[in-house]
Structure formats: structure tokens, C-alpha cells
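Asks: quick check, what structure comes out for this input:
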Amino acid sequence: MVSDAGGLDSWARAQLSNLYGLFVLSMMMFDTRDAAKILALAATSVSSLGPCASENTYLMVDGELVHTPSDQPVGSELDLIVSELDDHDSAVTLSDGKWRWAFLLRGLSGVTGCLVVVAVQEPTVDEFFLLKTLGQQTSAALANAALYRKEHEQRVELRRSNDERATVNAQLTTTVSRLRQQEQVHDVLSRVTALGSGEPGLAHALCDLTGLPVAIEDRFGNLRAWAGAGRPDPYPKMSARRQEDLLRRAARLTRPLRERDRLISLVKPHHEVLGVIALIDPDKTARDHEIFTLEYGTTVLALELAHQRSLAEVELRLHRDLVDDLVVGTDNESAYARADALGHDLRGPHHVVVVQWHGLQADEAMSDATVRAMAELEWKALCARRSGVVVLLVNGNPDGEALFRAMTRELGADTGVIAIGGRCATPDELPRSFTEAMRTLRIRQTSHAPRGAALFDQLGLYRILDTGDSRGDVAAFVREWLGGLIDYDDSRSADMVHTLSQFLECGGNYDRTATALFIHRSTLRYRLGRIRKITGFDLGDVETRLNVHVATRAWQVLQGQAGEAQP
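Replies: Just a heads-up that it's a prediction; the model follows:
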């Protein structure tokens, strides 16, 4: 566990170091007025962000991407590919098989240059994110240099014509104002991130910066944070189909999507959409400043959510490892220490609970549904997946029926079993409780009512029948009382043993038995007549009826064990 935490801290420090390096580089590039020098600074910084290198850089001159420095040979296959790129970043494939990516650098008037990065193999998602950020900073620096060049040209023009001076000054004022606004956006959102204000803090900051209400939603359209006036109650939510269509349309754009009275930007740190930030703009007043603020806020939130997901994955892995060790067996002291580190108190009575739903795998979605159900019930538990089931270590006395109802609501089906093992006073008893829970699960699934909650302590007769030590005696007992029926079923593909078992479970009631077997009452009478002829049983005799009933239950247990033993 210490190693994992140390690795996470090392990764976080490396990411912060890379981001700080990009910040310093950005300042250097913004202090440079020469576009070629800006590209040179960007090119020399590529290798510090991962196992990549800069292969070529290009500047837009008279509508064409020109190789820079200009003394480099031109006309290569790479030059031809770059010259044909449209307005999107793109992978570049050459005959040497190396990974290449062309980052198009965009300014206010369109593409201003291109940075081609090469590597022996494709970089990680985090490394690619840093490269993309470098490209964005380079684009901004080139735009900044272009603005300064334009300012210089305007100053020359001002000397020639006093009539144009007022117009140029107004343009410069607008540019400076925009740069100051962007600097303010950067400062405000950086403070929000540093303070750890989360999504509510980010929403309020964006609202203050844009003057528009802000909604932050998850990818399914559920509201996570709101800032500003006019919050609807209840908050409207699209259908799943419309929401997916909206996300697809927004993902195809490089700028926020205008959807009726909202400007929408996807929170997408890598390739997965984690959420949506929307500016509520019914009067369509949003301009470049508001769009820039929305995009910058989206980037900040994407980094934060990616960090939170990494932490959640580490915590989930630690939970799973601890539960695996506990149900296999470990010493009490280390179990207490590891559970304390995860915020769970193992001291006091615990039960092992296993959850399995027919037709559903014990995957992440199943685990998430179980965790939500436990949160609804306010259970204190550790959760993991093992042996095809979801395993819970629950503090106190769990209400299996309450968990079954909550899981049914979460999954939309009541086809599962909640099996609860015996009580454990200390962690070293948990393996026994896990074995009991698995036995309870198997017995309930092979019973006449294979759903709902079941407790090992309430198994009664089944606890005796489902023991490995006496399996031979149980099988002999079943053979003694049901051997003739079993042979009849095997030779004729009949179902007499099951019919007899259901008849006894229903207390000898013909109507209930026929309904449970989905057969007509006359068919049941015929089968029971055949059973009397084959066995000679007088089910009116109390002793006979008891032995036959026990034999049919034991037969169910043996059937379940045989099914488990098959590959």
C-alpha cells in the first residue's frame, strides 16, 4: 500500500513538474516576438515531456506551410503530407513505421504553423495530453507574437496617417483588454483549483467571469453543480438517446456547441467524456471572452476529474486486495491496520455477504450498483469482486431483504440472491463466513425459490445436507428412497423426482403444485400415480413422508453440487 501511495505521489509530482515546465516555457515564448524562435523553443521542449522528439516545424507564409528554419531541405514526403493537412491535428504515417503526430498551430485568423512530433512508439495518454498542451501554448504564443507584429505595423501606419490612428488605437485597446481578461480568467481559475473548491467552486467562478448562469452535468445529464440565477426545479434531463446524440455532435466540434439557450463544452481529459459544462445564454450574448472562459474552465475541470478518477481506481484496488486477503485468511493485527488505512473499522461483529444476479456478470457496473444500494442503506462495508460474485464485509447485522430490494431497484430485476454468512467476531473468522455465504448462495439458487435473501444461520436441515464429510451417506440415503424414480427419470427423460419434491414442498396441495410446475391438475394426478407404482410409497404415512421429503431436499443439494463440479 505504501508503494502504491508513493507511486501516486511520484506521478502527481511528475505531472506538476511537467505542467510547471510548460508554464515557464509559455512565459518564455510569450516574451519572444519572433515566430521562428517560438517554434524553436517549442521544438526543443518536446523531449522533456516524454519519449518523443520534434521532427519538423512549419510556419504559415502567404497561405502555405513553409519548412522552418528555411535552410533545411524541403520537398520530403513529410512536407507533402503536412501541406495537404486540413484544419485538424492528425497522425502522420511514413514508411519507417514510427509514430508521428502533426499538431496544427492556430491563431485568431486560422492555422499559423505546424509542429511534427516523432517517437518510436505511441506515447501514453498523459504524455499526449502534455504534447497537446504544448501545442496550445505555442499557438497562443504565435498569436501573441502576431499581435505584437501587428501592433508594430499599426504604429508605422499611425505615423503615416493621423486619420487612422483612432481606429488602430481602438483595436489595440480591444486586444489588450482581451489579453487582460484572459489573464484574469487564468488567475481566477488557478486559485479555484489551488483551493480545492471542486465543481461548485468552478461553477461559481465561471459565473462570475462570464456573467451567465453555469451548469455542470455528468455525461448522463444529471446536474452536479449550478451557479447563477434561474436554476430550474426540478432540473430537466434529456432522454438517454438525445443525450448521446448531443455528446456526439459536441465531440465533432473544436469549439463549444450552441444548443438552443446553452453553450456546451465537453469535459474530456482523454477520449472519454466525463461531463459537460454549459453556459446558460438564452439571449445569445456570449462572445469570444465567454467562449474562451468556458473552454479554459473545461480544461481545468478535465484535469481535476482525471485526478479524482485515478485516486478512485487506486482506492478500489486497495479495497479489492484487502477483501481478497481477508476471505482467504490473514492475521488480525495486519487486517486491522490495513482496514484502518482505508477508513473501515474491522473491530466488532462482521458478516460476509455475497451478491449474484442471474444473467448479470459481477463486473464494475454490478459493483457500482451494490455500492449505491449500500449507501442508500447506510451500511458500513468493504466491497470487492471474487469468484463471480460481489463480496461485502459488513459491519453489524445486515438486513439481506433490504439490500435485495435496493439492488432490485438499482438493476431493474429481482433475479438475484443475497447470501449472508455467519457472524465473525474477529477478522480471522471471515474465511469461514465467506464459505458459509457461498454455500448459502448455492443452496438458495438450487432451491424451489432461487431468489431473494438467505442467511446461513437459517438454513436448517440444508446445513446438514450440504457438508462434504457426510456426502457419501447423504447420497446413499437419497439412493435408498429415490433410486427407482431417479432411474426412471434417466431412462425416460422424465421429471418424476422434481414433481415429487414440489408436491411435498407445497404440503401435498394439488392446485399449488400444478401451478408451481406449470402443468394441468390431471397431469399432476397421473404423475403422482406413476410415482406410487414405481416406489410403492404411502405418502399418508408420517414416517415415509418425512424420509421422502428429506431425500428430495438432499437430492436438490446433490444436484447443485454436481452442477458446480462441472467445468
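Asks: quick one: secondary structure of residue 390?
Replies: The three-state label given to residue 390 by DSSP: H, G, I helix; E, B strand; the rest coil is strand.
Asks: once you drop chain neighbours, what's closest to it?
Replies: Closest residue in space to residue 390, ignoring its immediate chain neighbours: residue 355 at 4.3 Å, by C-beta to C-beta, 6 or more residues apart in numbering. Bear in mind the C-beta positions are built from the backbone N, C-alpha and C, glycine included.
Asks: that neighbour pairs with what?
Replies: Beta-bridge pairing of residue 355, defined through DSSP bridges, involves residue 390, residue 418.
Asks: tell me how many other residues crowd it.
Replies: Residue 355 has 28 neighbours, counted by other C-beta atoms under 10 Å.
Asks: report the separation between residue 376 and residue 25.
Replies: 49 Å (C-beta to C-beta, to the nearest Å).
Asks: of those two, who's got more company?
Replies: Neighbours per residue, other C-beta under 10 Å: of residue 376 and residue 25, the larger number sits with residue 25, 20 against 15.
Asks: element containing residue 276?
Replies: strand 275-280 (DSSP states H and E).
Asks: where does the prediction get shaky in the stretch 301-450 of the chain?
Replies: Along the stretch 301-450 of the chain, segments meeting pLDDT under 70 span 308-316, 447-448.
Asks: the strand or helix carrying residue 514 packs against which elements?
Replies: According to DSSP H and E, residue 514 maps onto helix 510-517. Judged by 3 or more C-beta pairs under 8 Å, 6 or more residues apart in numbering; DSSP states H and E, the packing partners of helix 510-517 are helix 496-505, helix 521-535.
Asks: can you list contacts of the first one?
Replies: By that I understand helix 496-505. 448, 482, 485-486, 488-489, 513, 516-517, 524, 527-528, 530-531, 534, 545, 548-549, 552-553, 555-556 (C-beta atoms under 8 Å, 6 or more residues apart in numbering).
Asks: same thing but 6 Å
Replies: The contact list for helix 496-505 (C-beta atoms under 6 Å, 6 or more residues apart in numbering) reads 448, 482, 485, 488-489, 513, 516-517, 527, 531, 549, 552.
Asks: please work out the average pLDDT along that helix.
Replies: For helix 496-505, mean pLDDT is 86.
Asks: output it as CSV, nothing but the C-alphas.
Replies: C-alpha atoms of helix 496-505 as CSV (Å, rounded to 0.1, in the frame of the first residue of the first chain):
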residue,chain,number,x,y,z
MET,A,496,-40.7,-37.5,-11.5
VAL,A,497,-38.2,-36.7,-8.7
HIS,A,498,-38.8,-32.9,-9.3
THR,A,499,-42.6,-33.5,-9.4
LEU,A,500,-42.5,-35.4,-6.1
SER,A,501,-40.2,-32.7,-4.5
GLN,A,502,-42.5,-29.9,-5.5
PHE,A,503,-45.6,-31.8,-4.3
LEU,A,504,-44.0,-32.2,-0.8
GLU,A,505,-42.8,-28.6,-0.7
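Asks: and the angle from it to helix 510-517?
Replies: Helix 496-505 and helix 510-517 are oriented at 130 degrees to each other (axes from the mean of the first three to the mean of the last three C-alpha atoms, to 10 degrees).
Asks: coming back round to it: what's the strand holding residue 276 packed up against?
Replies: strand 214-218, strand 262-267, helix 288-328 (3 or more C-beta pairs under 6 Å, 6 or more residues apart in numbering; DSSP states H and E).
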